[in-house]
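Peer 1: Return atomic coordinates for the entry below.
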Amino acid sequence: MSANSPTPFTGPQLLIPFAASDAQAWLPTMKALPADSMRNLRQLLKGMKSVRTDVAQTQTLSPPHERALAQALGIAGPDAPDGLIPWAAQDAAQHLPDADGKAWAWITPCHWAMGREHATLTDPAAPGLNEGESRTLLAAMQPYFEGDGITIHYVPALGPTRWLAEGELFRRLPTASLDRVLGRNVDPWLPKQNKKDTSGANTARKMKLLQNEMQMLLYTHALNDERAARRQLPVNSFWLSGTGALTTTPIADRATPTVPRILAQAVFADDWEAYAGAWAALDAGDIAQLLARQQAGEVVRLTLCGERGAQTFETHNAGFMAKLLSLLVPQPAWFERHQL
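Peer 2: Prediction:
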């Protein structure tokens, strides 16, 4: 992984996940976009220069948009271990007392679609869990987690499909973001033992055993019988992510980027017509608003993310000749597959 050192930024920021995708349909979709679908984006980029590039492999547990967001918020630097951006610890610090210094994880109750050869993780929103159902499942699962020194917390502000789990096991256990595994075979993304963890405890193995126990528990749980009677998807497993502990205090004066999910949702649904429409909506909405602020004299940032890399642009007041050349020379194709 390569990345330039981040600098604090307090101006307006727009961070766009899945501006590029490794899916075969992505490049033809981009090439077929009407010219005016990205009119504001092209105008915005004319007044910007690249200030940070982050390129890695598509197998990284932390996707580029999460690495970029963590740096923008100041909760992880460019050298943070892969799969150990402490998202859950950040939530715990905001919503729970005495969370500082502890290790945390997100636990997402979800449905695995079981195929002949592997299981595929479906959208956690698909089962449509409500708070009562979520609390019922948590209560049933809690004793098993407690056996491994893990305490699960239900936090209403996070909704019924995300629990906070507290446990020392999570301090050095890398885990894959949901955005890496949605709609994909779960096997390559399950936790693996961190070679730097010399505590002697095989944490990844413990998590695998716990996963198996929960699948057996949930298979026979009365709540899933009730859901089946209503033709709703059963909750038959969970996903572990956002592991780690906060090692720095987020800088208060950093601006929180706007992070639209409209492109990501279309990619996960494999809906490329919706993806094209999402670009048009972004250009007319968030991108147009960022352009207006830039034209009003503000210094703004835009981060475009794909599945392997991210590129951050910032307002740059170029001289007259540079502006003239930018009109004569085509803008670089930021969306080329090898860049993002």
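Peer 1: separation between residue 144 and residue 150?
Peer 2: 9 Å (Cβ to Cβ, to the nearest Å). Backbone N, C-alpha and C define where each C-beta goes, glycine included.
Peer 1: Kindly report the same for residue 313.
Peer 2: 41 Å.
Peer 1: Residue 99 now?
Peer 2: Per Cβ to Cβ, residue 99 is found 15 Å from residue 150.
Peer 1: Could you check which of residue 144 and residue 150 has the larger neighbour count?
Peer 2: residue 150 (22 against 15; other Cβ atoms under 10 Å).
Peer 1: Tell me how many other residues surround the residue nearest to that one when sequence neighbours are not counted.
Peer 2: Spatially, and ignoring its direct neighbours in sequence, residue 150 is nearest to residue 167 (3.7 Å; Cβ to Cβ, 6 or more residues apart in numbering). Look at residue 167: counted by other Cβ under 10 Å, it has 20 neighbours.
Peer 1: ok, residue 167 - contacts?
Peer 2: Neighbouring residues of residue 167 by Cβ atoms under 8 Å, 6 or more residues apart in numbering: 103, 104, 105, 145, 148, 149, 150, 151.
Peer 1: what are the phi and psi angles of the last one?
Peer 2: The phi and psi values for residue 151, taken as degrees, to the nearest 10, are phi -110, psi 130.
Peer 1: check contacts around it.
Peer 2: If you count contacts by Cβ under 8 Å, 6+ apart, then residue 151 has 142, 145, 165, 166, 167 around it.
Peer 1: Now do the strands in the stretch 1-150 of the chain.
Peer 2: 2-3, 13-16, 48-55, 104-110, 112-114, 119-121 (DSSP state E, counting those that start in this stretch).
Peer 1: Nearest to residue 309, out of those?
Peer 2: Smallest distance to residue 309 across the strands of the stretch 1-150 of the chain (Cβ to Cβ): 4.0 Å, for strand 48-55.
Peer 1: Let me know whether residue 217 touches residue 143 as I believe.
Peer 2: No: using Cβ atoms under 8 Å, residue 217 is not in contact with residue 143; the gap is 9.8 Å.
Peer 1: Show me how the record splits the chain into domains.
Peer 2: Annotated domains of the chain cover 2-60+255-328, 87-244 [automatic domain parsing].
Peer 1: With mean pLDDT and distance to residue 70 added, can I get the ones you listed in CSV?
Peer 2: As requested, those are arranged in CSV below (pLDDT from 0 to 100; distance: least, Cβ to Cβ, whole Å):
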stretch, mean pLDDT, distance to residue 70
domain 2-60+255-328, 89, 10
domain 87-244, 94, 8
